[in-house]
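Chemist: Model the structure of this input:
(one chain, ligands or ions: 1)
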Amino acid sequence: MKSTIRDLSLAPLGQSKIDWVAPRMQVLNMVREEFERKQPFAGKNVVICLHLEAKTAYLAHVVRAGGANVTVVASNPLSTQDDVVAALVQQGIQAHAWHNATEEEYKQHLQLALDTEPDFIIDDGGDLVSTIHTTRPELLKKIKGGAEETTTGVLRLHSMAKDGVLRFPMIAVNDAQCKYLFDNRYGTGQSVWDGIMRTTNLVVAGKTAVIAGYGWCGKGVAMRAKGLGARVIICEINPIKANEALMDGFEVMPMVEAAQYGDFFITVTGNTNIINKEHFVHMKSGAVLCNAGHFDVEVNVAQLKEIAVSERVARTNIAEYVLSTGQKLYVLAEGRLVNLAAGDGHPAEVMDMTFALQALSLEYVAANHEKLSAGVYQVNSEIDEKVAQLKLQSLGLSIDTLSKEQEAYLASWIPEAD
Ligand SMILES: NC(=O)c1ccc[n+]([C@@H]2O[C@H](COP(=O)([O-])OP(=O)(O)OC[C@H]3O[C@@H](n4cnc5c(N)ncnc54)[C@H](O)[C@@H]3O)[C@@H](O)[C@H]2O)c1
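Modeler: Here you go, the predicted model:
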């Protein structure tokens with residue numbers, strides 16, 4: 001089938017981006033070598049629905065090296081890089097995506113990818129899985145399972161399983177330790193500030209950053225804000241996370257109070273309507289608002305538009321809204337996840353671990369799908385440890401191992417004599 005992309009002539013630029021990340025994803029390269037030998041997906045159709053940038057493109061190549069016919073489709077309309085998608089198509093991988101697709105086009109692209117009748121899928125945020133279940137039930141017989149990338153998608157899968165509607169096994173890659181400890185925390189921490197800084201070209205030191213959500217991503221964003229010299233305020237709904245933020249040295253208060261202090265607002269909760277008109281009216285003129293959660297529902301841009309007397313594009317990826325009081329508020333990347341919609345996403349070395357988990361989890365589903373009933377599964381702990389070991393190996397590092405004496409000591413329960 002023909003691909004649906006914007007411009008094939010962009011391929012050389014996209015290829016140079018893929019060539020930059022490929023040698024920096026050493027764990028994935030080791031998995032690739034294994035896949036070339038073992039061909040775990042020989043002749044199978046795989047649909048990959050992720051943010052379409054260079055690291056994802058390289059994952060698509062690795063899955064193809066395992067024998068699959070790969071089709072890629074976007075998990076977010078603003079994060080697609082047209083040059084990277086063109087490079088994939090040039091290399092014979094089917095793609096249905098372009099940057100800034102309308103809601104209608106985004107849905108059409110998902111349908112076109114599903115027309116390839118996948119055996120296995122990789123999803124990010126759950127749009128592919130829910131589209132299959134709600135609009136393409138005839139595919140449910142063929143799909144043997146897949147893997148989900150992010151917190152929000154895993155949450156949706158659990159809701160589907162709870163309602164008894166999920167019809168194939170899905171591995172919750174997000175919940176593996178080698179995912180959230182590194183990708184959500186260090187990846188989001190670095191790439192969110194990269195996205196904000198390259199888009200606004202503003203100083204962070206001496207300013208106040210208000211961060212909503214102190215989960216794995218929020219911790220990373222807060223840690224890097226502190227490192228950049230900002231005063232950091234955390235907004236949470238979970239009293240345990242709020243205490244954790246306090247002990248980590250941050251101020252904690254509700255958003256309605258924090259609104260007056262922030263120079264930068266970053267939502268990363270996975271929840272909806274975190275910043276709205278109740279808060280906009282208290283904000284300083286010049287405040288910059290953005291989101292790093294999966295969906296563009298955390299900053300209520302619709303309400304901001306309602307109360308604004310004017311709006312304009314102030315700079316690429318920056319929308320300016322002027323309130324009747326004269327306050328000017330700036331929203332980055334339409335409130336879509338700022339690190340991908342206004343940046344290149346996480347660093348390659350971080351996505352190396354995440355995508356190695358994706359590839360190995362998909363291999364696990366391919367090998368074990370007959371034993372797996374429909375439902376949400378954790379990443380096998382052996383895969384999690386393997387990725388961590390391979391990462392150390394790729395860095396030329398080794399660690400200590402338990403001696404027999406230490407193993408016996410840890411397993412014992414009889415008190416030792418004084
Ligand atoms: N931008 C990226 O590249 C990227 C990477 C990984 C995950 N994500 C997405 O980021 C979001 C957060 O992921 P996570 O792994 O940190 O999740 P998490 O579950 O670890 O953390 C979310 C936190 O938000 C808090 N929260 C929920 N509602 C809130 C509210 N109304 N106000 C304040 N805090 C609230 C929760 O208590 C929790 O502590 C998800 O949507 C996830 O899919 C984005």
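Chemist: Where does residue 100 sit, in terms of helix or strand?
Modeler: Residue 100 belongs to no helix or strand when assigned by DSSP states H and E.
Chemist: Same question for residue 243.
Modeler: helix 239-247.
Chemist: Only C-alpha atoms, please: export that helix in CSV.
Modeler: Written as CSV, here are the backbone C-alpha positions of helix 239-247 (Å, rounded to 0.1, in the frame of the first residue of the first chain):
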residue,chain,number,x,y,z
PRO,A,239,-0.4,14.0,50.0
ILE,A,240,2.4,11.5,49.8
LYS,A,241,3.8,13.0,46.6
ALA,A,242,3.4,16.5,48.1
ASN,A,243,5.5,15.4,51.2
GLU,A,244,8.1,13.9,48.9
ALA,A,245,8.3,17.2,47.0
LEU,A,246,8.7,19.1,50.2
MET,A,247,11.5,16.8,51.4
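Chemist: which residues does residue 23 contact?
Modeler: Residue 23 is in contact with residue 29, counting by C-beta atoms under 8 Å, 6 or more residues apart in numbering. Bear in mind the C-beta positions are built from the backbone N, C-alpha and C, glycine included.
Chemist: hang on, it in a strand?
Modeler: No - according to DSSP: H, G, I helix; E, B strand; the rest coil, residue 23 belongs to no strand; its state is helix.
Chemist: Would you tell me which residues of the stretch 51-200 of the chain are close to the ligand?
Modeler: 150, 151, 152, 180, 184, 188 (C-beta under 6 Å from any ligand atom).
Chemist: what residues are up against the fourth one?
Modeler: Taking C-beta under 8 Å, 6+ apart as the contact definition, residue 180 lies against 151, 174, 216.
Chemist: Same question for the first one.
Modeler: Remark: with contacts taken as C-beta under 8 Å, 6+ apart, residue 150 is in contact with 124, 125, 174, 294.
Chemist: Which pLDDT value goes with it?
Modeler: On pLDDT, residue 150 comes in at 94.
Chemist: Quick check: phi and psi on it?
Modeler: phi -130, psi 160 (degrees, to the nearest 10).
Chemist: measure it to residue 252 for me?
Modeler: Counting by C-beta to C-beta, to the nearest Å, the separation of residue 150 from residue 252 is 25 Å.
Chemist: circling back to that earlier point, so which of the contacts of residue 180 are in helices?
Modeler: 151, 216 (DSSP state H).
Chemist: just the buried members of the contacts of residue 180?
Modeler: 151, 174, 216 (16 or more other C-beta atoms under 10 Å).
Chemist: list the buried ones in the helix or strand residue 36 falls within?
Modeler: Assigned by DSSP H and E, residue 36 falls within helix 26-38. Neighbour counts over helix 26-38 (16+ other C-beta under 10 Å) mark 26, 27, 28, 29, 30, 31, 32, 35 as buried.
Chemist: right, and the secondary structure at the closest residue to residue 320 other than its chain neighbours would be what?
Modeler: Computed as C-beta to C-beta, 6 or more residues apart in numbering, the closest residue to residue 320 that is not its neighbour in sequence is residue 314, at 4.0 Å. Classification of residue 314 by three-state DSSP places it in strand.
Chemist: Can you report how many residues lie near residue 314?
Modeler: Using other C-beta atoms under 10 Å, residue 314 is surrounded by 14 other residues.
Chemist: Would you state the predicted confidence (pLDDT) at it?
Modeler: For residue 314, pLDDT reads 98.
Chemist: can you check residue 415 too?
Modeler: The model's pLDDT for residue 415 equals 77.
Chemist: tell me which element it is part of?
Modeler: Using DSSP H and E, residue 415 falls outside every helix and strand.
Chemist: Run a quick neighbour tally on it.
Modeler: For residue 415, using other C-beta under 10 Å, the count is 6.
Chemist: Torsion angles phi and psi at it?
Modeler: According to degrees, to the nearest 10, residue 415 has phi -60, psi 140.
Chemist: so how far is residue 403 from it?
Modeler: 21 Å.
Chemist: And the residue of the chain closest to the ligand?
Modeler: residue 215 (1.7 Å; C-beta to the nearest ligand atom).
Chemist: Quick check: phi and psi at that residue.
Modeler: Here residue 215 shows phi and psi, under degrees, to the nearest 10, equal to phi -90, psi -160.
Chemist: go on, residue 73?
Modeler: phi -150, psi 150.
Chemist: Does the closest residue to it other than its chain neighbours lie in a helix or a strand, and which?
Modeler: Distance criterion C-beta to C-beta, 6+ apart; nearest residue to residue 73, sequence neighbours excluded, is residue 113 at 3.9 Å. Residue 113 belongs to helix 103-114 when elements are defined using DSSP H and E.
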